[in-house]
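Asks: quick check, what structure comes out for this input:
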Amino acid sequence: MTNEQYYELIKPYEDVSQVMLTKLEILNHSIYSKDTGKPIHHIQNRIKDKKSIEGKLERLALTDSVMNAKDHLMDIAGIRVICYFPEEIYDLVQCLKRQADLIVIKESDYIKNPKKSGYRSFHIVFGVPIHCLDAMEYYPVEVQFRTLSMDFWASMEHRICYKKEYDDKDKVSREMQQYAMALELIESRFEQQLKDRQMQ
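Replies: Predicted structure coming up:
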């Protein structure tokens, strides 16, 4: 894939990413509560760079082409939404699912079903329509929803474990799982504190 082909490829993904960011910002304002505030703490977004796209196609044993990137990669456009509590994540996901112009391509709930490592998050790929002259096409945007504690754990796990080999790998893995459970407990206690205050 040439640089020119790459920049041509990502144009619609930049557009659909912006559409999703706008939708999320609007929801963040509309779901605002005087008791709990806005549900979203912050949002991050990125478009996969050329090297990352080529690397993923190689891992999938696919030739490096624009067509393969479009047909097989669902995360060229990625957005990460950091909320305070899991309940807010599910509220936001349901609000987005109800929007008539979006389609759900794929979703994975790692909050209710955490990965073995302890990783927790909600991943959902939305198809977002792009209108070009007389045609319309859906492009995927992967949205990852996490709470602050989930994001903290994922960041530390990446810092400590990513592309590193340990002699005591099993011990490190068990400890990371324990940290994930401890953070989940702390998070649930914070959430209960908030609910208790709302009832006063």
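
Asks: quick one, domains of this protein?
Replies: 3-148, 153-199 (automatic domain parsing).

Asks: report the beta-bridge partner residues of Val141.
Replies: Phe126 (DSSP bridges).

Asks: any idea how far Gln18 is from Gly127?
Replies: Remark: distance between Gln18 and Gly127 (CB to CB, to the nearest Å) = 15 Å. No exception for glycine: its C-beta is placed from N, CA and C like everyone else's.

Asks: just send the domains of the chain back as TSV, with mean pLDDT and mean neighbour count too.
Replies: Shown next, in TSV, are the domains of the chain (pLDDT from 0 to 100; neighbours: other CB atoms under 10 Å):
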stretch	mean pLDDT	mean neighbour count
domain 3-148	93	16
domain 153-199	84	13
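
Asks: how far away is Ala135 from Ala100?
Replies: Applying CB to CB, the value for Ala135 to Ala100 is 19 Å.

Asks: repeat that for Lys70.
Replies: On the measure of CB to CB, Lys70 and Ala100 end up 24 Å apart.

Asks: show me what contacts Pro129?
Replies: By CB atoms under 8 Å, 6 or more residues apart in numbering, the residues touching Pro129 are Asp101, Met136, Glu137, Tyr138.

Asks: now with 6 Å?
Replies: Asp101, Met136, Tyr138 (CB atoms under 6 Å, 6 or more residues apart in numbering).

Asks: just to be sure, the last one is in a strand?
Replies: Yes: checked against DSSP: H, G, I helix; E, B strand; the rest coil, Tyr138 lies within a strand.

Asks: that one against Gly127, yeah?
Replies: Yes: using CB atoms under 6 Å, Tyr138 is in contact with Gly127, at 3.6 Å.

Asks: just the CA atoms of stretch 18-28, as CSV, please.
Replies: The C-alpha coordinates for stretch 18-28 follow below in CSV (Å, rounded to 0.1, in the frame of the first residue of the first chain):
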residue,chain,number,x,y,z
GLN,A,18,-16.0,12.7,13.6
VAL,A,19,-19.7,11.7,13.3
MET,A,20,-19.4,9.3,16.2
LEU,A,21,-17.5,11.8,18.3
THR,A,22,-20.3,14.4,17.8
LYS,A,23,-23.0,11.8,18.7
LEU,A,24,-21.1,11.0,21.9
GLU,A,25,-20.7,14.7,22.9
ILE,A,26,-24.4,15.3,22.3
LEU,A,27,-25.3,12.3,24.5
ASN,A,28,-22.9,13.4,27.2
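
Asks: thanks a lot, catch you later.
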